[in-house]
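Visitor: just coords:
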């Protein structure tokens, strides 16, 4: 990725687009915001590269082992069970 600092040199949109044809751009704007510009198919290339990354694949494997979401009914059931156990047996 190439960094283009617009704070020091003004470029036209056409110049930026031309530059983005050969490399992804990190654009530093004079308002202290930063932007990324790349060809639309760059995303597909990045996905392919990540798919071949052993550390990234390992990260995904670990994340897939984490429990999924809990439904609202399950949350209510757990809260009710917790409330009943804190009150103790009723007579």
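Guide: Perfect, I can see it now. Since the structure is predicted, the reported quantities are computational estimates derived from the model, not experimental observations.
Visitor: How far off centre is the lowest-mean-pLDDT helix or strand in the chain?
Guide: Lowest by mean pLDDT, DSSP states H and E among the helices and strands of the chain is helix 42-51, with a mean of 84. Computed by C-alpha atoms, centre = their mean, to the nearest Å, the chain-centroid distance of helix 42-51 equals 14 Å.
Visitor: what does it contact?
Guide: Here helix 42-51 makes contact (C-beta atoms under 8 Å, 6 or more residues apart in numbering) with 24, 56, 57. Bear in mind the C-beta positions are built from the backbone N, C-alpha and C, glycine included.
Visitor: Next, format these as CSV and append secondary structure and pLDDT.
Guide: What follows is those, written out as CSV (DSSP: H, G, I helix; E, B strand; the rest coil; pLDDT from 0 to 100):
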residue, secondary structure, pLDDT
24, coil, 90
56, helix, 90
57, helix, 90
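Visitor: how about those residues in JSON lines, adding neighbour count?
Guide: Below are the contacts of helix 42-51 laid out as JSON lines (neighbours: other C-beta atoms under 10 Å):
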{"residue": "24", "neighbour count": "15"}
{"residue": "56", "neighbour count": "12"}
{"residue": "57", "neighbour count": "12"}
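Visitor: Distance from the longest helix anywhere in the chain to the middle of the chain?
Guide: The helix that spans the most residues within the chain, counting by DSSP state H, is helix 72-87. In this view, helix 72-87 has its centroid 34 Å away from the chain centroid, taken as C-alpha atoms, centre = their mean.
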